[in-house]
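Chemist: Below are the sequence and a predicted model; questions follow.
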Amino acid sequence: MKKHLLALALLLFGATVVFGQQSISGKVTDRDGDALIGASIMVKGTSIGTVSDIDGNFKVTATGNAILVISYTGFATLEEALNNRTELTIVLQPGIDLAEVLVTGYGTAIKRELTGNIAKIRTEDIKDMPVTSFDQAMQGKAAGVQITSGNGKLGQAVQIRVRGQSSVSASNEPLIVIDGIPATTADLGSFGGATNPLADINPQDIASIEILKDASAAAIYGARAANGVVLVTTKRGKTGRTSVNYGFQYGQSNPARLLEFLNTEQYLKLYRQAAANSDRIDGLAASDPDSYTTYMEDFFKTQSLGTFGTDKAEDTDWGKLAYQDAPMQQHDLNISGGNDKTTFYMSGQWFDQKGILIGNALNRISGRINVDHQAYKWLKVGFNTSLSRSFNERISGDRQFDNPMQIVALPPMTPQNDPDTGLPVGTPPGDISIPVYYNPLINLGNAYYNTNTNRNLSSVYAQVSILDGLSFRSEFALDLLDQQEELYYNSKTQRNFSAPLGLGRNLFTRVENYNTNNYFTYNTGFGKTRLDLTAGMAYQQSQQKTNFIEGQDFPSDAYRQIASAARKTNGESTETNFRFLSYFARANVKLADKYLVGVSVRTDGSSRFGKESRYGFFPAASLGWIVSEEGFLNNNKAISFLKVRASYGRTGNAEIGNFPQLGLFQGDAGYNGAPGQRPSQLGNPDLSWETTDQFDAGIDFGLFKDRITGEIDFYSKSTTGLLLNVNIPSTTGFATQFRNVGKLTNQGIEVVLNTDVVRGAFHWKTSLNFAANKNQITDLQGQIIEAGLNNMSRAVEGQPLGTYFTAEYAGVDPANGNALWYKNATEGNRETTSTYSQATRVVVGSPLPDWIGGVTNTFSYKGLELSVLFSAVIGNELNFYGVGRFSSANARFEDNQTVDQLAAWTKENPNTNIPEARLFFNNGAQPSSRFIQDGSFVRLRNATLSYNFPKTLTSKAKIQSLRLFVTGQNLLTWTNYIGWDPEVNADDIVTNIAQGYDFYTAPQPRTILAGFNIGF
């Protein structure tokens, strides 16, 4: 089949001619006759198009019966039938766009005629935002799409969920396609939390982002579309004069929120009280050398390095020392232009940002060249290439003692620096056992964890016009990613790694990801009937190689390369790969300009599945009816547009890693110096895809001449054949095997509402979206899968994925200060107990929100513009146990405590929810609903104030455009969550099941910056 397609492509490529093509010229203006610069002109149903130049003029090649689609931000999109005309004057009217051009995967579509659900984020929605990757800029901008940064570390993975969670153990991330090519997005980090390969992409190069949400839109990507598809389109050159644009921004970040911990006076009071309470329980006198009180007084003296009880006593605010000044700056330069033959876009960026945590920084240099060339009337060729180098000074995972956030646990009476050495306390030659925990400040200058990434994402294409409306396009792409991770700890960090003479690790990862797409498109029509056909094949091959080495014992701290290590203590190399071979077809039909039909099908073959189930079949069908075209709505003053649509289709999920279907051996069974191998995995030749069937019903509407537009969608997703590693009889010689087991569902509603509240010199626009989703596991064949801290999260039938399951906290016994839990799960008259082992574990919450949303208000007046974005996540719970059992646990350990623990039970304060403080006693510090907290929040995500200088001024200085702006990110947050930040996922705990954990996780940064854009 592949040979036949290739032969046909070559034949058509070399021996075809074009019939009926002609050059069309025109001008685009607003209703006042002013030229619109950069208006998009597309030949409907094709990828052929251009943009208007500085005078509003354009040229495009099309057939005499073609339809041009003209769009411009802030104006209603217009469809103009050529009717054999070669010169046009296009006048666009202000309005909210219901008919903009959307990228759909292997083609484009007009939103007015779309029968699926696609959310579009435009370049103006994400420009100049102070984020390290474009996925962060998408937060709150698309209905049903939840994006969680997780923590405030730079370059860390961002979680994207489209219409809920569709898998228990496979990936829940959407497929990311950049300029038609599936990109490498997997975490390649090894020593800390997950990295984010999307941080290699310059957000300023992006023209638009389309999110394919329902099966009708996404099924063209078949086996990997169950979690949605994100299509990223980069900027291209425009016909006309060469345009040069430079942008600069500079700003500062700080933590969006801080927690208050005890000062020295408060710490002494609480811990003396806790020690006395423990003495009382064990019947010890305070003067007893073995008493808790004696221990605590000795601890105070030791930790204070001799200053305790003197006028030199320290009161160190360790929490503030975890943070640093965090400036950032960004320089962008792009040059674009072209003529009717060739267009180009070139860009470069230098991005430099310090993180809010000490030792964290990210630097990125990137460049891009996109070129399109009309070689002949029948042949168009082009290429895209981007190069980037990212250097990330990373910090350890959230659960590591040298994570700066854990510095809050140090006692406040401990000085920042050792008075004898002047070095950070705990640094050799000082006493490394003081403070009570490792001091993260020691890492500064003595340790590093650097990740250096070089990436080349490039593609070439040729598009042949065969006959009128028929074309063939061939694309080939390479996504090449090299990542070098270097970790080094010298002798001064010996307490943390038990390596008195230093430790070094080096990991090199190389990913070569090859892609090709080859497909035909055919567009034809007569009158008000149109037919669009697409058919082709795609192939992807990805190979990953890693090399790792570790060394210990360096001659001195001046040596940092592993070549100098006396002992090479570990080393390995690995290789893995996968391949996909796919065939796809799609047909869209429009009848009488109001009845819409769409069908698509894709067949995917994957190297990840068994020989008996290697290929999957993924069909979809959709219907639409533009009701406003019917006679009974003609001249209706209220309803300017109304469309109803419905779709049903099947998509798949193959993201479970490589070789799960194979019986594997490992060569690590050597004995007494002789090599050996052993079986490590039981194969399953029937292993197949997770399959998601999705139904969607929606309404698109425009009211009062499109002053109000919107969408309402109801959907139901059912996933079957979940990919799970299940227990099997031990007689097989194995404990587990990958199988297709189980089902889960997602059901929800999405609402989008756009309004032009006020038009005129003063313009006010709003864009609102919100969505509710209900997730439920319906079948796991009786299995219960637990994960997270103390297995507090689980996947179990009848509950949402990641449900919190633990003892239910019942408060405090006012008579004695004991923590109480419920013994049973019976509603009504429930028994309580102060014996934790008697408590019944029950469902106490879910990390999944009931609904999410965002609203953007844009106000403009004569060049002055203010845009304000709020986002919200409502109805989810977060797990504070990772922090709470140490820092909010009534002096259970020596860790400094949050100030709310001062309200612990005493005889004078019996009515409290915080149990009596008891040193080294587990009085309420056990896993329970006490630490499951409401995670709902509303956040002022972004506010930008800008001024565009009028052309009457800039033209005198030969400047085409000049814009000044001030922007703020994560400015305000309204929440009842007791931790640092409600947008949280501890980076070395999070899994599909273990969600919403806080383990001294860094808060989101609050960033304020100013900048300008200037164009020539």
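Modeler: Yes, it's here. Keep in mind that what you see is a predicted model, and the values were worked out from it rather than measured.

Chemist: and for stretch 845-852, what are the contacting residues?
Modeler: 144, 146, 164-165, 770-773, 775, 793, 799-804, 871-879, 929, 932, 935-936, 995-996 (CB atoms under 8 Å, 6 or more residues apart in numbering). Any C-beta I mention is one placed from the backbone N, CA and C, and that applies to glycine too.

Chemist: got the end-to-end distance for that stretch?
Modeler: Chord length of stretch 845-852, first to last residue, is 17 Å (CA to CA, to the nearest Å).

Chemist: hang on, the earlier thing: which ones among the contacts of stretch 845-852 map onto strands?
Modeler: Counting by DSSP state E, the part of the contacts of stretch 845-852 found in strands is 146, 770-773, 775, 793, 803-804, 871-874, 877-879, 932.

Chemist: which residues are in contact with the longest helix anywhere in the chain?
Modeler: In the chain, assigned by DSSP state H, the helix with the most residues is helix 264-282. Applying CB under 8 Å, 6+ apart, the external contacts of helix 264-282 come out as 262, 284-286, 288, 291-293, 295-296, 300, 313-316, 411-413, 817, 890-891, 894, 896-897, 899, 901-902, 904, 906, 916-921.

Chemist: now the helices for the stretch 851-1000 of the chain?
Modeler: 881-887, 951-954 (DSSP state H, counting those that start in this stretch).

Chemist: Please tell me how far the residue lying closest to residue 415 once chain neighbours are set aside sits from residue 495.
Modeler: In this structure, residue 415 finds its nearest non-sequential neighbour in residue 314, 4.4 Å apart by CB to CB, 6 or more residues apart in numbering. To residue 495, residue 314 is 21 Å away according to CB to CB, to the nearest Å.

Chemist: just for this structure, where's the confidence low?
Modeler: Across the chain, the ranges flagged by pLDDT under 70 are 1-20, 31-34, 54, 73-76, 93-99.

Chemist: tell me the centre residue of it?
Modeler: The centroid of the chain falls nearest to residue 158 when counting by CA atoms, centre = their mean (3.1 Å).

Chemist: Give me the spatial nearest neighbour of it, chain neighbours excluded.
Modeler: Nearest to residue 158 is residue 135, by CB to CB, 6+ apart, at 4.7 Å.

Chemist: Let's see whichever strand or helix holds the one you found as CSV, backbone CA atoms only.
Modeler: According to DSSP states H and E, residue 135 maps onto helix 134-137. Below are the C-alpha coordinates for helix 134-137, written out as CSV (Å, rounded to 0.1, in the frame of the first residue of the first chain):
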residue,chain,number,x,y,z
PHE,A,134,2.7,28.4,25.6
ASP,A,135,0.6,25.8,27.5
GLN,A,136,0.7,28.0,30.6
ALA,A,137,-0.7,30.9,28.5
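
Chemist: so the residue nearest to residue 158 touches residue 197, yeah?
Modeler: No. Between residue 135 and residue 197 there is no contact under CB atoms under 8 Å: 10.5 Å.

Chemist: so how far is stretch 687-703 from its chain's centroid?
Modeler: 21 Å (CA atoms, centre = their mean, to the nearest Å).

Chemist: Excluding covalently adjacent residues, which one is nearest to residue 313?
Modeler: Distances taken as CB to CB, 6+ apart place residue 307 nearest to residue 313, at 5.0 Å, with adjacent residues excluded.

Chemist: so how many other residues sit close to the one you found?
Modeler: Counted with other CB atoms under 10 Å, residues neighbouring residue 307 total 16.

Chemist: Please shift the residue numbers so they start at 38 in all later answers.
Modeler: Noted, 38 is the first residue going forward, which turns the last one into residue 344.

Chemist: any idea how far residue 354 is from it?
Modeler: Using CB to CB, residue 344 is found at 16 Å from residue 354.

Chemist: Ok, residue 707 next?
Modeler: Applying CB to CB, the value for residue 707 to residue 354 is 54 Å.

Chemist: try residue 542
Modeler: Going from residue 542 to residue 354 by CB to CB gives 33 Å.

Chemist: neighbour-wise, which of these two wins?
Modeler: In this view residue 542 and residue 354 are compared by other CB under 10 Å, and residue 542 has more residues nearby, 20 against 14.

Chemist: Next, that one: secondary structure please.
Modeler: Assigned by DSSP: H, G, I helix; E, B strand; the rest coil, the conformation of residue 542 is strand.

Chemist: For residue 443, which residues are in contact?
Modeler: So residue 443 contacts 437, 474, 477, 1037 (CB under 8 Å, 6+ apart).

Chemist: would you list those in JSON lines and tack on distance to residue 785 and secondary structure?
Modeler: Shown next, in JSON lines, are the contacts of residue 443 (distance: CB to CB, whole Å; DSSP: H, G, I helix; E, B strand; the rest coil):
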{"residue": "437", "distance to residue 785": "37", "secondary structure": "coil"}
{"residue": "474", "distance to residue 785": "44", "secondary structure": "coil"}
{"residue": "477", "distance to residue 785": "42", "secondary structure": "helix"}
{"residue": "1037", "distance to residue 785": "33", "secondary structure": "coil"}
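
Chemist: Redo those residues as CSV? Include distance to residue 683 and neighbour count.
Modeler: CSV is the format used below for the contacts of residue 443 (distance: CB to CB, whole Å; neighbours: other CB atoms under 10 Å):
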residue, distance to residue 683, neighbour count
437, 51, 18
474, 59, 20
477, 56, 29
1037, 48, 25
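
Chemist: nearest to residue 666, of the residues you listed?
Modeler: residue 1037 (58.7 Å; CB to CB).

Chemist: my guess is the closest one meets residue 445, correct?
Modeler: Yes. Using CB under 8 Å, residue 1037 makes contact with residue 445 at a distance of 7.2 Å.

Chemist: residue ranges of the strands in the stretch 588-737 of the chain, please?
Modeler: 604-628, 632-643, 652-663, 676-690, 701-703, 715-718, 727-740 (DSSP state E, counting those that start in this stretch).

Chemist: What are the buried residues along the longest one?
Modeler: Which is strand 604-628. The neighbour-count check on strand 604-628 (16 or more other CB atoms under 10 Å) flags 606, 615, 617, 618, 619, 620, 621, 622, 623, 624, 625, 627 as buried.

Chemist: Pretty sure the third one sits against residue 260.
Modeler: It refers to residue 617. Yes. Here residue 617 lies in contact with residue 260, judged by CB under 8 Å, at a distance of 7.0 Å.

Chemist: joint contacts of these two?
Modeler: Overlap between the contact sets of residue 617 and residue 260, as judged by CB under 8 Å, 6+ apart, is given by 641, 643, 691.

Chemist: mind listing the helices for the stretch 188-337 of the chain?
Modeler: Under DSSP H, counting those that start in this stretch, the stretch 188-337 of the chain gives helices at 252-255, 301-319, 329-340.

Chemist: Tell me which of the ones you listed sits most buried.
Modeler: Highest mean neighbour count among the helices of the stretch 188-337 of the chain (mean count of other CB atoms under 10 Å): helix 252-255, with a mean of 31.

Chemist: helices or strands next to that helix in the packing?
Modeler: Applying 3 or more CB pairs under 8 Å, 6 or more residues apart in numbering; DSSP states H and E, we find helix 252-255 packed against strand 652-663, strand 676-690, strand 727-740.

Chemist: for these, which one sits closest to residue 272?
Modeler: Closest among the helices and strands packed on helix 252-255, using CB to CB: strand 727-740, at 27.7 Å.

Chemist: Each with direction, which strands does that closest one pair with?
Modeler: Take DSSP bridges as the rule and strand 727-740 pairs in its sheet with strand 676-690 (antiparallel), strand 745-757 (antiparallel).
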